[in-house]
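In: Could you work out the structure for the sequence below:
(chains A and B)
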Amino acid sequence: MPRSTGHRDATRSVVFAPLDDGAGRAELVERRIGDAIVGGLLRDGERLPSEAELSRSLGVALVTAREALESLRDHGLVRTRRGRDGGSFVTYDREAAARTLQARLQGHSRIELRDLAVHLSAIAGTAAELAADRASDDDLESLVAIHHDADLRTEGGARRALLRFQLEVAAISQSPRLVREEVRLQAEAGPLVWLCLREAEYRERTAVARTEVIAAIREVAPAAARSAVLSLIDDATGWLIDEKLRLETGDPA
Amino acid sequence: MTATTAPAPARAAEEVAGIVEDLFTTVDGWRRRLEAHLEAAEPTARTLDPVVEEFAVPAVTDDPLITGAGFVAAPGLLSDARWHLAWWLGSPGAEVRRLATVDDETSDSFRDYTTLEWWRIPFRTGARHLTGPYVDYLCTDDYAVTLTVPIVVEDRFLGVVGCDALVDRIESRVLPGLRGLGAPAALVNASGRIVAATDARREPGAILRLDGLAEALAPLREAHPDAIDLRLPGGQAVRSCGASSLALVVG
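Out: Numbers count the residues shown, from 1 in each chain, chains lettered A, B, ... in the order given. Prediction:
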């Protein structure tokens, strides 16, 4: 039946779609920061921006930022100290982190996970393709530097290197829109898609992909650059879906 | 046609040079104001920021080309802030804001700005530099060029002062001149990256790949570039635009 509503209504439905995915603003803020803590992008003990700074940089009301911080505190991911050197600090509690991840993974269907990967592939793949055509020698040098600085010993280190590399590739594509979308999507999909970086084997895999992308850009080979990025995202998604199935069959509760 | 002394390509090149030169002249004025303050004993971020704000805020508000302006201190120069950026941003329809930066070296968000082109090259050469066009994702996500001038007092490198200009605003200023040349024309930077072009297939941001062009542009990568006026094997004319480090490719 919905198909018979025709072309015009499909357009209208896009125009008037909810501005975010339906979750409350505070919940979105909480998820963004929570994911960064769980994924190791924010380190144990690191000070978070103040409520006022958060509200400014994320573009949300002060009360929304406060609500999100309170909720993070309730979940044991953040603690607040009062006084002159006070503020909110990351507390990395392995158990709390594992619970958060598990809930996130189980909250997404297999179709949703695959779709997230398709979206990320479209953006990151096109960025790599364009970058191969548009990189100057200086650009290549900066990619090589990020690759050399990568710390693959920890999940957080591997993710930081991956993020910086992908963002730099997007910047080299010379497209401000691709950069914005890459940032937005890495924030939204990154914590899930790159869960495989908990395993050393996959951290090494990201280094291989970087080497391939750098070589493709050096040879001005757009198709090869795209395919190197896509195959990494594909491997990561494969791990994710396996993990989801394992969690669901191994842990019926 | 009106009688002119200079041939059309030369005039177009001069026009581009003039736009960039005007921006550098503005920045040079800021450099002199800052030098006076930096020569004083023990400069601090607290005392320097208001001096920067005084020229940066009017610049991003009033100058139609400038969208960012400020001063970046050499690490360790200021006694109250080891790493320090005083940079203001402004665009039409948005409030002027100061660039939020992370000065804590132990934080993951910290970026060592001495590795970035707009710092690195003036530091190495002691001369002014035009960086870009590039997507400024640390700052505004805009497609911009950044002009930086080193501040050197008694052989000490104290930092850079500079401004950002949006590429599409530069494009709208130079395109009429390029269109009047009667042949496809492109304005490129020292890496051959297109800033503006009359041909739809030569996109801004792409690298212009022509036989011999990379070699022809090599002088532009010097601190004080020699003038270029030559013809490529494919017949295209290449002409540098004053001391802007940009060049015009016609044909």
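In: Within range of chain A, give me the residues from the stretch 151-251 of chain B.
Out: B:191-193, B:204-207 (CB under 8 Å from any CB of the partner chain). Every residue, glycine included, has its C-beta placed from N, CA and C.
In: Using TSV, lay out those together with pLDDT.
Out: Converted to TSV, these look like this (pLDDT from 0 to 100):
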residue	pLDDT
B:191	92
B:192	95
B:193	95
B:204	92
B:205	93
B:206	94
B:207	95
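In: how many other residues sit next to the residue in the stretch 51-200 of chain A positioned nearest to chain B?
Out: Nearest residue of the stretch 51-200 of chain A to chain B (CB to the nearest CB) works out as residue A:174 at 3.1 Å. The local packing of residue A:174 (other CB atoms under 10 Å in any protein chain shown) involves 28 other residues.
In: Report the helix or strand with the lowest average pLDDT across chain B.
Out: Using mean pLDDT, DSSP states H and E, the weakest-scoring helix or strand in chain B turns out to be strand B:97-98, at a mean of 87.
In: can you list contacts of that strand?
Out: Strand B:97-98 is contacted from outside by B:86-90, using CB atoms under 8 Å, 6 or more residues apart in numbering or on different chains.
In: how about the strands in the stretch 151-251 of chain B?
Out: Using DSSP state E, counting those that start in this stretch, the strands found in the stretch 151-251 of chain B span residues B:156-166, B:185-188, B:194-197, B:229-231, B:237-240, B:247-250.
In: Nearest to residue A:212, out of the ones you listed?
Out: strand B:194-197 (27.4 Å; CB to CB).
In: Sheet partners, orientation included, of that closest one?
Out: strand B:185-188 (antiparallel) (DSSP bridges).
In: Do a quick rundown of the helices in chain A.
Out: A:6-15, A:25-38, A:51-58, A:62-74, A:94-106, A:110-134, A:137-149, A:155-172, A:176-193, A:200-218, A:222-250 (DSSP state H).
In: In TSV, list those helices along with mean pLDDT and mean neighbour count.
Out: Below are those laid out as TSV (pLDDT from 0 to 100; neighbours: other CB atoms under 10 Å in any protein chain shown):
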stretch	mean pLDDT	mean neighbour count
helix A:6-15	52	9
helix A:25-38	83	21
helix A:51-58	84	16
helix A:62-74	91	18
helix A:94-106	77	14
helix A:110-134	96	19
helix A:137-149	93	15
helix A:155-172	91	22
helix A:176-193	86	19
helix A:200-218	98	18
helix A:222-250	94	17
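In: JSON lines for those helices, including distance to residue B:45?
Out: Converted to JSON lines, the helices of chain A look like this (distance: least, CB to CB, whole Å):
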{"stretch": "helix A:6-15", "distance to residue B:45": "47"}
{"stretch": "helix A:25-38", "distance to residue B:45": "29"}
{"stretch": "helix A:51-58", "distance to residue B:45": "18"}
{"stretch": "helix A:62-74", "distance to residue B:45": "27"}
{"stretch": "helix A:94-106", "distance to residue B:45": "37"}
{"stretch": "helix A:110-134", "distance to residue B:45": "36"}
{"stretch": "helix A:137-149", "distance to residue B:45": "28"}
{"stretch": "helix A:155-172", "distance to residue B:45": "27"}
{"stretch": "helix A:176-193", "distance to residue B:45": "29"}
{"stretch": "helix A:200-218", "distance to residue B:45": "37"}
{"stretch": "helix A:222-250", "distance to residue B:45": "41"}
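In: Make TSV from the ones you listed and add distance to chain B to it.
Out: Compiled in TSV, the helices of chain A are given as follows (distance: least, CB to the nearest CB, whole Å):
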stretch	distance to chain B
helix A:6-15	23
helix A:25-38	10
helix A:51-58	7
helix A:62-74	15
helix A:94-106	17
helix A:110-134	6
helix A:137-149	6
helix A:155-172	5
helix A:176-193	5
helix A:200-218	12
helix A:222-250	12
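In: Figure out which of those is closest to residue B:246.
Out: Using CB to CB, those put helix A:137-149 closest to residue B:246, at 16.1 Å.
In: Would you map the helices across the stretch 51-200 of chain B?
Out: Ranges of helices in the stretch 51-200 of chain B, per DSSP state H, counting those that start in this stretch, are B:117-125, B:167-179.
In: Need the winner for burial among those.
Out: Across these, averaging neighbours per residue (mean count of other CB atoms under 10 Å in any protein chain shown) puts helix B:117-125 on top, at a mean of 19.
In: Quick check: mean pLDDT of that one?
Out: If you average the pLDDT over helix B:117-125, you get 91.
In: Likewise for stretch B:10-18?
Out: Stretch B:10-18 comes out at a mean pLDDT of 92.
In: Go through that stretch and flag the buried ones.
Out: B:12-17 (16 or more other CB atoms under 10 Å in any protein chain shown).
In: Just give me the closest of these to residue A:155.
Out: residue B:16 (49.0 Å).
In: residues touching residue 137, list them.
Out: Since you didn't name a chain, this refers to chain A. Applying CB under 8 Å, 6+ apart, one finds that residue A:137 lies in contact with residue B:191.
In: Oops, wrong one, chain B.
Out: Contacts of residue B:137 by CB under 8 Å, 6+ apart are A:167, A:170-171, A:179, A:183.
In: and if you look at residue A:170?
Out: Applying CB under 8 Å, 6+ apart, the residues contacting residue A:170 are A:123-124, A:127, A:131, A:178-179, A:182, B:135, B:137.
In: Kindly report the same for residue B:94.
Out: Contacts of residue B:94 by CB under 8 Å, 6+ apart: none found.
In: State the distance from it to residue A:121.
Out: 33 Å (CB to CB, to the nearest Å).
In: Same check on residue B:65?
Out: Distance from residue B:65 to residue A:121, by CB to CB: 38 Å.
In: ok, now residue B:215?
Out: Residue B:215 is 38 Å from residue A:121, by CB to CB.
In: Excluding residues flanking it in the chain, which one is nearest the closest residue to chain A within chain B?
Out: Per CB to the nearest CB, residue B:205 is where chain B lies closest to chain A, at 3.1 Å. Excluding the flanking residues, the one nearest residue B:205 by CB to CB, 6 or more residues apart in numbering or on different chains is residue A:174, at 3.1 Å.
In: Touching, that neighbour and residue A:135? I think so.
Out: No: judged on CB atoms under 8 Å, residue A:174 makes no contact with residue A:135 at a distance of 9.5 Å.
In: what does the stretch 1-150 of chain B put close to chain A?
Out: B:100, B:107-108, B:115, B:117, B:133-135, B:137, B:141-143.
In: In JSON lines, list those residues along with distance to residue A:81.
Out: As requested, those are exported to JSON lines (distance: CB to CB, whole Å):
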{"residue": "B:100", "distance to residue A:81": "23"}
{"residue": "B:107", "distance to residue A:81": "18"}
{"residue": "B:108", "distance to residue A:81": "21"}
{"residue": "B:115", "distance to residue A:81": "34"}
{"residue": "B:117", "distance to residue A:81": "40"}
{"residue": "B:133", "distance to residue A:81": "45"}
{"residue": "B:134", "distance to residue A:81": "40"}
{"residue": "B:135", "distance to residue A:81": "38"}
{"residue": "B:137", "distance to residue A:81": "33"}
{"residue": "B:141", "distance to residue A:81": "34"}
{"residue": "B:142", "distance to residue A:81": "38"}
{"residue": "B:143", "distance to residue A:81": "42"}
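In: Pull out the buried residues from these.
Out: Once neighbours are counted (16+ other CB under 10 Å), the buried part of those comes down to B:108, B:117, B:133-135, B:137, B:142-143.
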